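> Coordinates for the following, if possible.
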Amino acid sequence: TAGNAGAHLAVDGNTNGNFNDGSVTHTNDVEGGSNWWMVNLMGTATIRDVNIYNRMDCGSQCTSLLNQFVIEVLDYDMQIVSSHAHDDTAGAIIHLQMGNVEGSYIRISVSDKYLVLAEVEVYGTKLYDSPTFAPTSIPTT
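Numbering: from 1, shown residues only. Coordinates of the predicted model:
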């Protein structure tokens with residue numbers, strides 16, 4: 001990430017798109033590569049819609065960074081179950097209908113430019129929690 005603009009800022013509940021207000025995530029530029037952001041839904045859900053809030057404090061120079069991106073839904077085993085390329089002009093909010101796909105992770109990626117997100121909201125129905133692994137018994141001495 002760039003500076004203090006960590007990935008957690010895209011799920012902090014704050015849709016403010018002004019970078020200097022401290023709630024926008026920002027990757028470092030990777031020439032010839034891909035920048036990505038991912039959220040763990042902490043279980044499997046039927047994903048209906050995703051809202052992506054864009055950076056808004058520097059005009060089209062910033063909003064255009066989300067003109068082309070890929071959003072993927074991954075299952076518990078990190079396998080892609082749905083992929084959608086967004087090639088439209090980005091505004092303040094990008095609303096995506098995901099078609100009730102089941103998944104455990106959402107990944108957003110761009111190529112050859114910064115990935116900047118003010119907030120990502122995922123809407124759907126949680127089906128079940130991720131399994132937790134714990135010992136069945138504790139050895140005693």
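
> Can you name every helix or strand that the helix or strand bottoming out on mean pLDDT in the chain contacts?
Least confident helix or strand, the chain: helix 60-63 with a mean of 82, by mean pLDDT, DSSP states H and E. With contacts defined as 3 or more CB pairs under 8 Å, 6 or more residues apart in numbering; DSSP states H and E, helix 60-63 has no helix or strand neighbours. All C-beta spots, glycine's among them, are computed from the backbone N, C-alpha and C.

> so how many other residues sit close to residue 106?
By other CB atoms under 10 Å, the residues close to residue 106 number 23.

> Can you tell me the SS state at it?
strand (DSSP: H, G, I helix; E, B strand; the rest coil).

> That one bridge partners, please.
Per DSSP bridges, the residues bridged to residue 106 are residue 39, residue 73.

> ok, it - contacts?
If a contact means CB atoms under 8 Å, 6 or more residues apart in numbering, then residue 106 has 38-39, 41, 47, 50, 71-74, 120, 122 as its contacts.

> of those, closest to residue 98?
Nearest to residue 98, judged by CB to CB, of the contacts of residue 106 is residue 47 at 4.6 Å.

> what's around the closest one, how many residues?
24.

> Kindly report the same for residue 90.
19.

> Okay, and it sits in which element?
Counting by DSSP states H and E, no helix or strand carries residue 90.

> Quick one: neighbours of the residue nearest to it when sequence neighbours are not counted, just the number.
With sequence-adjacent residues excluded and distances taken as CB to CB, 6 or more residues apart in numbering, residue 90 is closest to residue 66, at 3.8 Å. By the criterion of other CB under 10 Å, residue 66 has 24 neighbours.

> Is residue 66 in contact with residue 56, as I believe?
No. Counting by CB atoms under 8 Å, residue 66 sits too far from residue 56 to count as a contact (11.0 Å).

> before we move on, the earlier item: any chance of the contacts of residue 106 in TSV, plus distance to residue 96 and pLDDT?
Below are the contacts of residue 106 laid out as TSV (distance: CB to CB, whole Å; pLDDT from 0 to 100):
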residue	distance to residue 96	pLDDT
38	16	95
39	14	96
41	15	95
47	10	97
50	5	97
71	6	97
72	12	97
73	11	98
74	16	97
120	10	96
122	10	97
